[in-house]
Each structure stands twice: as structure tokens, then as C-alpha cells.
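Peer 1: predicted model and sequence below, questions to follow.
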Amino acid sequence: MARFPTGVVIVGGSAAGLSAADGLREGGYAGSITVLDENVEPGFDRPMLSKGLLASDAAAPLRLRTDARLAEQDVTVLPGHRAMGLDIDRRLVVTSYGEAIPFEQVVIAAGVDARRLATTSGNPLPALRNLCDLEALRDMVTGHRSLTIVGGGYVGLEVAGALRPRGVDVTVVCPNALPLVHALGPHVAAWLRDLHLGEGVRLRLGTRVDAVRESSDGGYALDLSDGTSARAESVLAGVGAVPNTDWLIGSGVALDDGVLTDVAGRTNVPSVWAAGDIAATFDPATATDRRFDHWTHAIEQGRRVGLNIAKAEALPVGSAPYVWTEQFGRTLHLVGERRSDDTDTVVRGAFDDGAFIVLHGRDDELHAVTICGFPAAVRTYRKLLRAPATVADALAAAPA
């Protein structure tokens with residue numbers, strides 16, 4: 001059996017995991033770095049699954065790191081190696097190959113999987129999380145010209161935006177009265193609804209899917225919460241994600257819808273850290289533990305954890321949450337987090353023009369900004385929201 005040097009073991013060849021390796025080297029760590037990647041194919045730009053990679057069958061995934069860069073950083077990636085257990089007493093990570101890899105520090109960046117739905121017969125419905133899912137969805141819409149998406153979140157809407165221009169008849173079933181209303185507020189969400197309707201997407205809003213039954217003709221019947229049933233030729237589940245934490249059960253690492261960490265990424269176990277989608281990080285603003293299932297946060301948190309290990313620091317990420325989505329040629333950026341009682345104010349552009357900047361805040365306290373069609377403003381507002389900011393600050397920073 002292969003012998004492994006004792007150093008930092010990163011569980012997950014994800015954006016967070018590889019960014020942790022970046023942070024370690026940037027911070028001056030000179031020891032060994034071993035990355036366990038359960039996937040055989042190299043880590044890739046995952047957000048493009050529901051965007052460019054789905055919009056064209058010819059599109060190929062973009063690798064997160066080249067072999068040359070990994071060699072330059074002296075980072076060892078073990079493809080196809082899944083973490084199966086963590087022994088915190090003997091400081092070992094056990095892999096799917098039966099190896100026990102020693103560690104000085106371990107970074108848990110194993111990410112999440114798509115929440116999988118099943119039919120009443122127990123057969124799993126397709127979802128979109130990895131390259132196998134992508135190929136299956138590509139094949140499905142090639143053989144079927146209609147698709148019903150269960151869930152009106154970012155992935156579901158992006159899939160609709162990628163497939164509708166390809167001539168696929170798309171229906172989205174969403175439990176909310178407006179898509180993404182909790183994240184964007186009613187005004188931006190109404191604009192997004194109208195964008196999809198204008199492109200020919202069918203929206204079943206304010207309706208849940210209670211059950212999916214398989215039909216004898218190979219299609220499906222969806223039982224909806226309003227008492228009706230809808231026929232579907234093919235179905236895709238887009239109903240959120242589940243942290244990959246099963247292998248940590250019984251390890252001693254605290255879990256609660258993810259791996260619990262402090263603001264620096266430290267878990268309750270010394271020398272064990274977590275970053276990315278899997279990390280349920282303490283949020284001082286709400287006094288709760290929260291996961292952020294967004295790409296930019298995973299990169300920034302991974303790098304910060306690597307720096308914290310290398311420099312023996314305990315600093316937080318220090319940037320506001322940020323997410324972007326691309327639908328029907330429009331790119332929507334959300335900086336910060338809108339709260340349910342916020343007032344939404346358009347300060348530049350107009351919804352009718354498809355280009356706007358909307359401030360989300362209350363009592364002159366700025367919480368978030370939604371931007372469409374003003375890409376240069378994203379950097380400005382990300383910098384502004386690194387610290388508490390006022391609506392007046394945001395108005396002053398708005399582009400002319």
C-alpha cells in the first residue's frame with residue numbers, strides 16, 4: 001500500500017478545496033498537500049453546468065487547475081479517491097481504496113450533492129450536479145422535446161434559460177408566488193417571471209409537486225398541491241442540495257446540515273477545518289450557523305482557510321455573499337443578502353430596459369444590491385458591502 005507524507009489533507013477537489021491549497025501556498029506553507037477527489041475527471045467550473053455547458057452540446061468543461069499549475073504548487077491530487085471516514089484520534093483520513101492517509105491538518109471541502117427526488121415507484125429522477133448528470137440531461141432533451149423542472153431556484157431557472165432557446169418546451173413548477181422572490185424581492189422577481197414568460201417558459205407558480213407517478217407510456221404524471229395533475233414527458237429535479245457528510249457521522253466532528261465551523265472555518269475538533277458548500281459557518285449577524293451554496297463564497301472561504309492554516313490565523317472571509325445567474329442573455333448579480341422587510345429601490349436603469357440597479361435596505365441600512373446590465377458596478381458594491389453600509393453610501397456609489 002502506498003505511503004503518504006503527513007501534511008495537509010484536503011477532502012474534495014472542489015473550488016473550495018483547490019482554493020484552500022492556493023491559500024496554503026500563498027501563506028507560505030511548505031509541507032505536503034494531498035487532495036482527495038472522489039471524481040475521476042478533474043475539477044471543473046461547476047456553475048456552467050446549468051449555463052453554457054447545457055446551452056450547447058459542443059461546450060466542454062473548463063478545468064479549475066491545470067496539471068502544470070498543480071505541479072508548480074506541489075499539490076498531489078488523488079482522483080477517484082472518496083473519503084470514507086475520519087479518525088481524529090489517530091489523525092487519519094480513510095479512503096475508498098482502503099488507504100489511511102495521515103494528516104497534520106485536514107480541510108473538509110467535500111461539497112454537496114443535488115437533493116434527489118424519486119417517483120412513487122422509487123426510481124430516482126434526474127438532477128444536475130455533475131458531468132454525468134449533464135450528459136444524461138443532454139441525452140434526455142435530445143430524445144424528448146419537453147421538460148418539466150421541479151423547483152424554481154437558480155439551477156431550475158438557468159436550465160430553463162439554457163434549453164428554451166434550443167427549442168425545448170420547458171415548464172417550471174415553483175412553490176413560491178414568484179421565482180427567487182426570497183432572494184431578490186418582489187420587484188426583481190416579477191421582472192424575472194416576465195422574462196421567462198416572454199421567452200415561452202411555462203410557469204406553474206405557487207404550486208408544489210406532491211408526487212411524481214410514472215406513466216405506462218414512459219412519461220410522468222405530477223400530482224400538484226392545488227389538486228390538479230400535470231403530464232410531463234421528462235422531469236428534472238431542482239430542489240436544493242444535501243451536504244456530503246455521511247462519512248463524518250460518528251467522527252466527533254459536529255454536524256448540522258453541514259460541518260459546523262466558526263467564522264475562521266475551524267470545526268469543534270482541533271486541526272479539522274471546513275470550507276465551501278459543506279461548511280455551516282457561524283454568522284454573527286444572525287447568530288445562526290449557515291451554509292452558502294455559492295461558487296464565489298466557496299473560493300473565498302477555501303482560500304481564507306488555507307491562509308489561516310499557513311499563518312496560524314483565525315480570520316473570517318470578510319466579504320459579502322455574492323451570487324450571479326445567467327438567463328436568456330441577461331446576467332443578474334446579487335451582492336449581500338436581502339431581508340424580508342427590506343424596501344427595494346431602483347437607483348439606475350429600469351426593469352423595462354432589462355438594465356437596473358436595485359438597492360435592498362431598511363431605515364438607511366443597506367443589506368444587498370441587485371445589478372443587471374451594469375457589470376462595472378458589481379466590484380463597487382462588493383467593496384462597499386464588506387462593512388456595514390448605508391443606502392446613502394450606495395446612492396453615492398451608483399454609476400452615472
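Peer 2: Structure's in. What do you need?
Peer 1: where does the protein dip in pLDDT?
Peer 2: Counting by pLDDT under 70, the chain shows low-confidence ranges at 1-2.
Peer 1: so who does residue 300 touch?
Peer 2: 19, 317, 319 (C-beta atoms under 8 Å, 6 or more residues apart in numbering). Every residue, glycine included, has its C-beta placed from N, CA and C.
Peer 1: can you redo the residues you listed as a markdown table with secondary structure and neighbour count?
Peer 2: Conversion of the contacts of residue 300 to a markdown table gives the following (DSSP: H, G, I helix; E, B strand; the rest coil; neighbours: other C-beta atoms under 10 Å):
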| residue | secondary structure | neighbour count |
| --- | --- | --- |
| 19 | helix | 27 |
| 317 | coil | 21 |
| 319 | coil | 16 |
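Peer 1: looking at those residues, which is nearest residue 105?
Peer 2: In terms of C-beta to C-beta, no member of the contacts of residue 300 lies closer to residue 105 than residue 19, at 15.4 Å.
Peer 1: quick one: residues contacting that closest one.
Peer 2: Residue 19 is in contact with 275, 298-303, 306, counting by C-beta under 8 Å, 6+ apart.
Peer 1: ok, for it, nearest residue in space, not its chain neighbours?
Peer 2: Counting by C-beta to C-beta, 6 or more residues apart in numbering, residue 302 is the residue found nearest to residue 19 once chain neighbours are left out, at 3.2 Å.
Peer 1: that neighbour against residue 16, yeah?
Peer 2: Yes - Residue 302 is within contact range of residue 16, at 3.6 Å (criterion: C-beta atoms under 8 Å).
Peer 1: quickly list what's touching both of those two.
Peer 2: 109, 275-276.
Peer 1: out of those residues, who's nearest residue 48?
Peer 2: The shortest gap between residue 48 and any of the shared contacts of residue 302 and residue 16 belongs to residue 276, at 17.2 Å (C-beta to C-beta).
Peer 1: report the contact partners of the closest one.
Peer 2: Applying C-beta under 8 Å, 6+ apart to residue 276 gives the contacts 12, 14-17, 109, 111, 297-298, 301-302.
Peer 1: apart from its chain neighbours, what residue comes closest to it?
Peer 2: For residue 276, ignoring the flanking residues on the chain, the nearest one in space by C-beta to C-beta, 6+ apart is residue 16 at 2.7 Å.
Peer 1: one more: residue 263?
Peer 2: If the residues on either side of it in the chain are set aside, residue 263 comes closest to residue 316, at 3.9 Å by C-beta to C-beta, 6+ apart.
Peer 1: now the one you found: how far from residue 72?
Peer 2: In this structure, residue 316 and residue 72 are 29 Å apart, going by C-beta to C-beta, to the nearest Å.
Peer 1: look at the two and report which has more neighbours.
Peer 2: Set side by side, residue 316 and residue 72 show more neighbours around residue 316, with 15 against 11, by other C-beta atoms under 10 Å.
Peer 1: host element of residue 139?
Peer 2: Residue 139 belongs to helix 131-143 when elements are defined using DSSP states H and E.
Peer 1: residues in contact with that helix?
Peer 2: The contact list for helix 131-143 (C-beta under 8 Å, 6+ apart) reads 41, 44, 49, 53-54, 57, 61, 114, 126-128, 147, 159, 163, 166, 168, 234, 236.
Peer 1: now which of those would you call buried?
Peer 2: 44, 49, 53-54, 61, 114, 126-128, 147, 159, 163, 168, 234, 236 (16 or more other C-beta atoms under 10 Å).
Peer 1: taking the residues you listed one by one, which sit in strands?
Peer 2: Secondary structure defined by DSSP state E assigns 114, 147, 236 of these to strands.
Peer 1: thought the last one was touching residue 128?
Peer 2: Okay, so that is residue 236. Yes - if you go by C-beta under 8 Å, residue 236 and residue 128 touch, sitting 6.7 Å apart.
Peer 1: which neighbours do these two have in common?
Peer 2: Counting by C-beta under 8 Å, 6+ apart, the contacts common to residue 236 and residue 128 are 137, 159.
Peer 1: show me the helices in the stretch 151-300 of the chain, by range?
Peer 2: With DSSP state H, counting those that start in this stretch, the ranges of helices along the stretch 151-300 of the chain come out as 154-163, 181-198, 295-311.
Peer 1: dump these into JSON lines; add distance to residue 29 as well.
Peer 2: Compiled in JSON lines, those are given as follows (distance: least, C-beta to C-beta, whole Å):
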{"stretch": "helix 154-163", "distance to residue 29": "34"}
{"stretch": "helix 181-198", "distance to residue 29": "36"}
{"stretch": "helix 295-311", "distance to residue 29": "4"}
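Peer 1: between these, which one is closest to residue 354.
Peer 2: Ranking the helices of the stretch 151-300 of the chain by their distance to residue 354 (criterion: C-beta to C-beta) puts helix 181-198 first, at 7.8 Å.
Peer 1: follow-up on the earlier one: then the residue nearest to residue 276 would be within a strand, right?
Peer 2: No - with DSSP: H, G, I helix; E, B strand; the rest coil as the criterion, residue 16 is helix rather than part of a strand.
Peer 1: from memory it sits against residue 109, does it?
Peer 2: Yes - under the contact definition of C-beta under 8 Å, residue 16 touches residue 109, with a separation of 4.1 Å.
Peer 1: mind listing the shared neighbours of these two?
Peer 2: Joint contacts of residue 16 and residue 109 (C-beta under 8 Å, 6+ apart) are 275-276, 278, 298, 302.
Peer 1: now which of the residues you listed would you call buried?
Peer 2: Restricting the shared contacts of residue 16 and residue 109 to buried positions leaves 275-276, 278, 298, 302, with burial counted as 16+ other C-beta under 10 Å.
Peer 1: farthest-apart pair in the residues you listed, please.
Peer 2: Looking at these by C-beta to C-beta, the two members farthest from one another are 278 and 302, with 10.9 Å of separation.
Peer 1: list residues touching both of those two?
Peer 2: Once C-beta under 8 Å, 6+ apart is applied, the residues that residue 278 and residue 302 both contact turn out to be 16, 109.
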